[in-house]
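Visitor: My questions are about this predicted structure, shown below with the sequence.
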Amino acid sequence: GNLVGLRRDRSRSPHGKWQIMGTFNAPAGAKWEHLTLREGRGFLLDTSNRLWKLNVETGHWDAPWQMPDGFNWHGLCELPDEVNLLVWGQRKANKNIDVPSEVELMWLRWALAAESDSGLWARIKR
């Protein structure tokens, strides 16, 4: 499907009106669940737990990075420093334990081309 970018125009009133800035295609074959956009960048988490990076200016999606198995990922938040991202989720249920797991927060750093040959994630911390 298509994703729609919105912005609030406050030039005519203090509360502003939402305006469509543009649309772009989701990655081919991805059924997206969570999306974050910030200052010309975007990240999309799909139903297969793959994380995609978007260049909003070009509409190009980088190859996805597979999030670690054993978790149900629930959301993401891009931080203002242009390279860091928070993703939260829960460990998948253990059949022997009927208690939901705690929410876990994972900090990810998107590697710049100079930092990594692959251009993918340089560090993962929980």
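Guide: Structure received.
Visitor: Go ahead and list the helix or strand containing the residue nearest the centre of the chain.
Guide: Compute the mean C-alpha point of the chain, and by Cα atoms, centre = their mean the closest residue is residue 43, 3.1 Å away. In this assignment (DSSP states H and E), residue 43 forms part of strand 41-46.
Visitor: Show me what the residue nearest to the centre of the chain is bridged to.
Guide: For residue 43, the beta-bridge partners are residue 36, residue 53 (DSSP bridges).
Visitor: which ones are touching it?
Guide: By Cβ atoms under 8 Å, 6 or more residues apart in numbering, the contact list for residue 43 reads 35-36, 51-54, 76, 78, 85. From N, CA and C alone the C-beta is placed, and that goes for glycine too.
Visitor: now the strand holding residue 43: mean pLDDT?
Guide: Mean pLDDT, strand 41-46: 87.
Visitor: one step back: quick one: the residue nearest to the centre of the chain and residue 93, what's the gap?
Guide: Residue 43 is 26 Å from residue 93, where distance means Cβ to Cβ, to the nearest Å.
Visitor: ok, now residue 109?
Guide: From residue 109 to residue 93 the distance is 29 Å (Cβ to Cβ).
Visitor: Just want to know which of the two has more residues nearby.
Guide: residue 109 (17 against 12; other Cβ atoms under 10 Å).
Visitor: Check the burial of residue 4 by counting its neighbours.
Guide: Residue crowding around residue 4 was assessed by other Cβ under 10 Å; the count is 10.
Visitor: Apologies, that question was intended for residue 38.
Guide: 14.
Visitor: That one contacts residue 80, doesn't it?
Guide: Yes - at 7.1 Å, residue 38 and residue 80 qualify as touching, with contact defined as Cβ atoms under 8 Å.
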